[in-house]
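Q: what would the 3D arrangement of this be:
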Amino acid sequence: MNARTMQGYTIAGASQRTVMIAANLESSSLSIKQPKYYLLAVAFFVLAIAPAFAQIPITTLYNTGVDDNHHSLGSKGAVDSHYKIVSGPGALYGPDFTGGLGYTVTPLFELWVSPLPGSEWINSGDYGSSDPGDVPAGAYDYQTSFDLCCVDPETVVLSLFFAADNNACIYVNGVSTNVCTVGGALYGFLQYTNATIPYSHQAPFVPGVNRLDFVVTNYTDHYGNPTPSGLIVYIRGTGR
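A: Numbering: from 1, shown residues only. As a prediction, this is how the structure comes out:
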């Protein structure tokens, strides 16, 4: 009986051809195992750095017409504590105006786009008009704030659907984003405007509390009478 040696071991009865085949298999096994360990190392590396690239939801952003738990307020005239009217027409508020509240609107003006789930139309409330939705012409600044305590402001992205009667434009910390409702000056309430606002010189997010303003412009009818006005916002944001 022949005896052959491979990798320091004596194999009784093995031919030279058997040893060569076994040696080739051993070499192939090593070459296959090495990529497996390499891929395992890569997987651990990806898992280690993934948290640094994960987008974190900004939970202090609120849709219009919801409570602190992001549930719809629903009823007419409920106070929206997350959106305040910080400026408005003098004909409505007078020269000593220091800030007003946003109120949910029900029933809706018949031409307004229907609310998305978890949001409601809001406006400045009933000020004695024959129609609770009718308010004087002018610009109404609806302001909300949100906190970026846990993310890098330069990684923040806001995504939203919004509509307004008659129209609205968005400002971040007092800077115009140049994002406004579609539908021209008069018809920003017939459909939603879908917008994405990343950090930029037009959206200068900062650490801590940030301001988001929706400046709504309302127009009179052909006879100069007050008309319905309102705002609806469905918004999400992330950062890392």
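
Q: where does pLDDT dip in the protein?
A: 1-53, 91-99, 126-133 (pLDDT under 70).

Q: how does it divide up, domain by domain?
A: Domain segmentation of the chain under automatic domain parsing yields 3-53, 56-239.

Q: just say which of the ones you listed is most tucked in.
A: domain 56-239 (a mean of 17; mean count of other Cβ atoms under 10 Å). Heads up, the C-betas are built off the backbone N, CA and C, glycines and all.

Q: now the end-to-end length of that one.
A: End-to-end distance for domain 56-239: 5 Å, by Cα to Cα, to the nearest Å.

Q: try stretch 72-80
A: First residue to last in stretch 72-80 (Cα to Cα) measures 10 Å.

Q: list the contacts of that stretch.
A: By Cβ atoms under 8 Å, 6 or more residues apart in numbering, the residues outside stretch 72-80 that reach it are 64-67, 101-107, 115, 117-120, 122, 125-126, 132.

Q: likewise stretch 164-174?
A: By Cβ under 8 Å, 6+ apart, the list of residues contacting stretch 164-174 reads 109, 112, 142, 162, 176-181, 183-189, 195, 197, 202-206, 210-219, 227-232.

Q: ok, Gly125 to Ala168 distance?
A: Gly125 sits 18 Å away from Ala168 when distances are taken as Cβ to Cβ, to the nearest Å.

Q: OK, contacts around Leu212?
A: Listed by Cβ under 8 Å, 6+ apart, the contact set of Leu212 reads Gln143, Thr144, Ser145, Phe146, Leu158, Ile170, Tyr171, Val172.

Q: the same query, at a cut-off of 10 Å, please.
A: By Cβ atoms under 10 Å, 6 or more residues apart in numbering, the contact set of Leu212 is 61, 83, 142-146, 158, 160, 170-173, 177, 197, 203, 205, 233, 235, 237.

Q: now Thr238, nearest residue through space, not along the chain?
A: Gln55 (3.9 Å; Cβ to Cβ, 6 or more residues apart in numbering).

Q: residues in contact with that neighbour?
A: If you count contacts by Cβ under 10 Å, 6+ apart, then Gln55 has Val151, Thr155, Val156, Val157, Gly237, Thr238, Gly239, Arg240 around it.

Q: distance of Glu194 relative to Arg236?
A: For residue 194 the amino acid is Asn, not Glu. According to Cβ to Cβ, Asn194 and Arg236 sit 12 Å apart.

Q: what do you get for Trp121?
A: 19 Å.

Q: please name the nearest non-neighbouring residue to Thr196.
A: Ser159 (5.2 Å).

Q: who does the one you found bridge with?
A: Going by DSSP bridges, Ser159 is paired in beta bridges with Thr196, Arg236.

Q: so Glu110 sits against Leu190, correct?
A: No - with contact defined as Cβ atoms under 10 Å, Glu110 does not count as touching Leu190 (11.3 Å).

Q: does Glu154 belong to a helix, a strand or coil?
A: helix (DSSP: H, G, I helix; E, B strand; the rest coil).

Q: any idea how far it is from His201?
A: Remark: distance between Glu154 and His201 (Cβ to Cβ) = 11 Å.

Q: next: Gly74.
A: According to Cβ to Cβ, Gly74 stands 39 Å off from His201.

Q: go on, Val156?
A: In this structure, Val156 and His201 are 14 Å apart, going by Cβ to Cβ.

Q: of the contacts of Gln55, closest to Gly138?
A: Gly237 (29.2 Å; Cβ to Cβ).
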